[in-house]
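>>> all I have is the shape, not the residue letters:
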DNA sequence: CGCCGAATGGACTCCGAGGTCCGTTTTCCC
DNA sequence: GGGAAAACGGACCTCGGAGTCCATTCGGCG
C-alpha cells in the first residue's frame, strides 16, 4: 500500500500526526473487515483489534458506528476513484477499455468472485437505512461513470466513436454491467459471469465505433 | 418424557394445516421486512410482531435465525421464479422481451428504485457469510437465466435470432444488466439507470436478430 | 523544564437481540 | 369423549456489542 491521503479530517480540531495515523488505521481496518463480513456483521471490537487501537480511540475519532460507516463510505469511494482515475484518465481508445476490463476481471478472479465491489456491496446494505451514506455512494458512482464517459467523449471527439453515441448512457450501461457482473460472480463464486457482462457492454460500445474492426460482428 | 417411537426413521413430524399457515405467515413477514431493512437489520421480534405469532412459533418452525434466513432464500427464490416463469415461459419474440423489460421497470419505478431485487440484495449480504444461502441463491439465478435463455433458444430455433447467437451468454448479460441496474437505481433512488442498463442489454440482443427491425427500442 | 490538550488503554455499563422454557390451548385421531 | 401430539403465548435468560468514563501517557510549545 502506497500513500493514502484519503482519510480527510472532518472538524477543525487540532489533530496531530499521530492522531491522523490512528484514524487512518481505523478506517483501513474497517475497510478490510467490512468488505469481507459486511457492515452490520462487523463489530467495533473487531475493528479495534484489527487496527491495534482501543475503544476510546474509535470514539475519539468518530461519534458512533454510523459516523464511522459514513466515513468509510467516503474513504472507500476515494480509494476506488483514485484507482479508477489511474486507469481511465488517459482512456482514448477501445483497446484501452479492454485493458481496463482485463484489470478488473483479473483482480476479481484472484478471490474467485468473492467480496465483489466495495461500493456495490455497501449500496444494497446501506442505501435503504442511511440516507447520507446512500447519497454519498450515489455521488461516487456518478463520479466513476464520469471518468468513463469523459474517456468516451474523448473517443467521440477524436472521431473514433460515432456522433450519435451517447457517452453518458454508455457509461451507465457499462457500470451496470460491471456491478451486475460483480454480483453474479459473487453468487456463483466464479468470475465468468462478470466477464460475460463486461464483454456485452464493451460489444455494445464497439457497435458505436466508426469503423467496426476487421470482421463483421465476430 | 422419553420418545416411545424408537422405530421412527427421522423427525417426520406431523404438521397440521394450521402449522403450515403459521410457517407461511412467518416467511411472508420475514420476506417483507427483510426486503426493506436487510437481513441483519431485521430482528426476530420484528418478524414475530409482523407475523402475529410468538417467539415459540419461530423456534417451532425454524431451528434458529440462520435457518429462517435460509428458508427465506428459498421462499423468495420460488416467488421470483414463479413470477418470472409467468412472464418468460412464452417468450418467442423481441417485443416479448421489451414487454418483460417494461414490467420490471414499472414495478421498480413504483418505489423510485428503492429496495431493488430481493435476490440481489440478499446475495451481497449473505454470500460471504453463509455458504448454503449462497449456493441456493446461485441456483436460483441460474434457473432465472435459464428461463431467459430458453426463450432465446426458441427465438433462434424459429429463425428470429442468428445461429451464432449464444443464448446462455446473452441471458447472463441481460441478468447482469438487470441486477446492476437494480443496484444503481437503488443508489440513485431513480429507475433511470436501470432502464439504460436493460436497454443496453436488449440492444445487444437485438444486434443478433436476423433482420434488425426499423425503430429502436421503446 | 513544565504545562496543557491531544492521544491512549481498558474496565465498565446498558440494552437489545437471539434463544430457552414451560404452562396452556387447539387439533387430530381412535 | 378422551388422550396425545402439535400449536401456541409469553415470561425469562444470556450474552455480546454499542457506547461511557477516567486515569494515564505522549508530544508540542512557551
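Ah, there it is. All values derive from a computational prediction rather than experimental measurement. Residues are numbered from 1 along each chain as shown, chains lettered A, B, ... in the order given.
>>> and residue A:73, how far from residue A:43?
When distance is defined by CB to CB, to the nearest Å, residue A:73 is 18 Å away from residue A:43. Where C-beta positions appear, they are placed from N, C-alpha and C, glycine not excepted.
>>> these two: who's more crowded?
Neighbour count, other CB atoms under 10 Å in any protein chain shown: between residue A:73 and residue A:43, residue A:73 has more, with 25 against 12.
>>> does the strand or helix carrying the more buried one reach DNA strand D?
Assigned by DSSP states H and E, residue A:73 belongs to helix A:65-88. Yes. Interface with DNA strand D: helix A:65-88 contributes A:65, A:66 (CB under 7 Å from any atom of the strand).
>>> got the residues of chain A near DNA strand D?
A:16-18, A:42-45, A:55-56, A:59, A:64-66.
>>> centre of the chain to the helix ranked longest in chain A, how far?
Counting residues, the longest helix in chain A under DSSP state H turns out to be helix A:131-157. Its chain's C-alpha centre and that of helix A:131-157 lie 11 Å apart, by CA atoms, centre = their mean, to the nearest Å.
>>> mind giving me the packing neighbours of the helix or strand following that helix?
Using DSSP H and E, the helix or strand that follows helix A:131-157 towards the C-terminus is helix A:167-188. When contacts are defined as 3 or more CB pairs under 8 Å, 6 or more residues apart in numbering or on different chains; DSSP states H and E, helix A:167-188 packs onto helix A:94-109, helix A:118-126, helix A:131-157, helix A:192-206, helix B:118-126, helix B:131-157, helix B:167-188, helix B:192-206.
>>> just want the angle from helix A:167-188 to helix B:131-157.
Per axes from the mean of the first three to the mean of the last three CA atoms, to 10 degrees, the angle that helix A:167-188 makes with helix B:131-157 is 120 degrees.
>>> so which residues on chain A come close to DNA strand C?
A:13-16, A:18-22, A:52-57, A:60.
>>> neighbour-wise, which of the residues you listed leads?
The most crowded member of the residues of chain A next to DNA strand C, judged by other CB under 10 Å, is residue A:22 (20 neighbours).
>>> list the contacts for that one?
Taking CB atoms under 8 Å, 6 or more residues apart in numbering or on different chains, we find residue A:22 in contact with A:51, A:53, A:57, A:61.
>>> what's the burial count for the last one?
As a burial measure, the neighbour count of residue A:61 was computed by other CB under 10 Å and equals 23.
>>> with adjacent residues omitted, what lies nearest to it?
Spatial nearest neighbour of residue A:61, chain neighbours left out: residue A:23 (4.6 Å); criterion: CB to CB, 6 or more residues apart in numbering or on different chains.
>>> and if you look at residue A:77?
residue A:140 (3.7 Å).
>>> so what's that neighbour up against?
Here residue A:140 is in contact with A:73, A:77, A:80, A:81, A:119 (CB under 8 Å, 6+ apart).
>>> what is the nearest of those to chain B?
residue A:119 (8.4 Å; CB to the nearest CB).
>>> got a pLDDT number for the closest one?
We have a pLDDT of 98 for residue A:119.
>>> for the helix holding residue A:73, name the packing helices and strands.
helix A:17-37, helix A:44-50, helix A:94-109, helix A:118-126, helix A:131-157.
>>> and with 10 Å instead?
Here helix A:65-88 touches helix A:17-37, helix A:44-50, helix A:55-61, helix A:94-109, helix A:118-126, helix A:131-157, going by 3 or more CB pairs under 10 Å, 6 or more residues apart in numbering or on different chains; DSSP states H and E.
>>> among the contacts of residue A:140, who's most crowded?
Using other CB under 10 Å as the neighbour test, the contacts of residue A:140 are led by residue A:73, with 25 neighbours.
>>> I figured that one was touching residue A:132, is that so?
Yes. Residue A:73 is within contact range of residue A:132, at 8.3 Å (criterion: CB atoms under 10 Å).
>>> any residues in contact with both of these two?
Residues within reach of residue A:73 and of residue A:132 at once, by CB atoms under 10 Å, 6 or more residues apart in numbering or on different chains, are residue A:126.
>>> quick one: low-confidence parts of chain A?
A:1-13, A:212-218 (pLDDT under 70).
>>> geometric centre of it: which residue is closest?
With distances taken as CA atoms, centre = their mean, residue A:80 lies nearest the centre of chain A, 4.2 Å away.
>>> against residue B:124, how distant is that one?
Counting by CB to CB, the gap from residue A:80 to residue B:124 is 16 Å.
>>> for DNA strand C, give me its nearest residue in chain A.
residue A:19 (2.0 Å; CB to the nearest atom of the strand).
>>> distance of the residue lying closest to that residue once chain neighbours are set aside from residue A:17?
Closest residue to residue A:19 apart from its sequence neighbours, by CB to CB, 6+ apart: residue A:61 at 7.5 Å. In this view, residue A:61 and residue A:17 are 14 Å apart by CB to CB.
>>> circling back to that earlier point, count the neighbours of the residue nearest to residue A:61 for me.
24.
>>> that one and residue A:53 touch, don't they?
Yes. Look at residue A:23 against residue A:53 with CB under 10 Å: they come within range, at 9.4 Å.
>>> identify the contacts common to the two.
Joint contacts of residue A:23 and residue A:53 (CB under 10 Å, 6+ apart) are A:60, A:61.
>>> do I have it right that residue A:186 meets residue A:113?
Yes. Judged on CB under 10 Å, residue A:186 makes contact with residue A:113 at a distance of 5.5 Å.
>>> who has more neighbours out of the two?
residue A:186 (31 against 23).
>>> setting aside sequence neighbours, what's the nearest residue to that one?
residue A:116 (4.4 Å).
>>> quick one: contacts for the one you found?
Neighbours of residue A:116 in contact, by CB under 10 Å, 6+ apart: A:35, A:108, A:179, A:181-187, A:194, B:123-124, B:127-128.
>>> again with residue A:113
Counted by CB under 10 Å, 6+ apart, residue A:113 has contacts A:181-194, B:127.
>>> neighbour-wise, which of those residues leads?
residue A:181 (36 neighbours).
>>> and it, how far from DNA strand D?
Distance, residue A:181 to DNA strand D, using CB to the nearest atom of the strand, to the nearest Å: 31 Å.
>>> over to residue A:115?
Counting by CB to the nearest atom of the strand, the gap from residue A:115 to DNA strand D is 20 Å.
>>> for that residue, phi and psi?
phi 70, psi -40 (degrees, to the nearest 10).
>>> now do stretch A:109-128: distance to the chain's middle.
On CA atoms, centre = their mean, the centre of stretch A:109-128 falls 9 Å from the chain's centre.
>>> check stretch A:52-59 too.
For stretch A:52-59, the distance to the chain centre is 27 Å (CA atoms, centre = their mean).
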